[in-house]
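[1] quick one: sequence plus predicted model below, questions after.
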Amino acid sequence: MKNLHQRVPDYIEPVSGYRRNHSRSPLGHLLNMLRAIELIPPKPIDMLPVAVELRRFDDYLLQARGFARSTRETSIRIVGRFLRDKFNDGAINLSTLTPHMFVIFLPHRLMSIEHR
């Protein structure tokens, strides 16, 4: 069986401006393993108000709604952009938000994504 030093080159290519799609998952598993055996520090937890609210939203989508991971990730990405647009890194006051604000935000965000 290969040891860690022999396995890493299997997942990393020389810098060429091109990244293989299949290298992302094994590298994620490698990082998780290295964290589990405490060779690298744990992933830092973002404690900014938007990040905290998004974690709460993710818990709701999983536990109350039963959404799949990919659906939750898409929802969180869109809602995260909306919250950052409205509150930056400051405190979040959900009572100040209206459905109309999101209706205005969404088409502008979708247009900016299409033009990339």
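    Noted; the coordinates are in hand.
[2] for Pro107, give me phi and psi.
    When read as degrees, to the nearest 10, the backbone of Pro107 gives phi -60, psi -40.
[3] same thing with Met101?
    Dihedral pair for Met101: phi -60, psi -40, per degrees, to the nearest 10.
[4] okay, and the residue nearest to it when sequence neighbours are not counted sits in which element?
    The spatially closest residue to Met101, leaving aside those adjacent along the chain, is Lys86, at 7.0 Å (C-beta to C-beta, 6 or more residues apart in numbering). From N, CA and C alone the C-beta is placed, and that goes for glycine too. Per DSSP states H and E, Lys86 falls inside helix 69-87.
[5] rewinding a little: from Ile76, how far out is the residue nearest to Met101?
    15 Å (C-beta to C-beta, to the nearest Å).
[6] likewise for Leu54?
    5 Å.
[7] care to break this structure down by domain?
    Domain assignment for the chain, taken from automatic domain parsing, gives 4-36, 49-114.
[8] show me the shaky parts of this structure.
    For the chain, the stretches with pLDDT under 70 are 1-24, 110-116.
[9] which stretches in it count as helices?
    In the chain, the segments counted as helices under DSSP state H are 4-11, 24-36, 49-63, 69-87, 99-114.
[10] so which of Leu54 and Ile76 has more stuff around it?
    Taking neighbours as other C-beta atoms under 10 Å, Leu54 and Ile76 compare with Leu54 leading, 20 against 16.
[11] would you mind measuring from Ile104 to Thr96?
    Here Ile104 is placed at a distance of 14 Å from Thr96 (C-beta to C-beta).
[12] next: Ser70.
    Ser70 is 30 Å from Thr96, by C-beta to C-beta.
[13] before we move on, what about Pro41?
    37 Å.
[14] before we move on, back to that, what is the helix holding Lys86 packed up against?
    Helix 69-87 is packed against helix 49-63, helix 99-114, with contacts defined by 3 or more C-beta pairs under 8 Å, 6 or more residues apart in numbering; DSSP states H and E.
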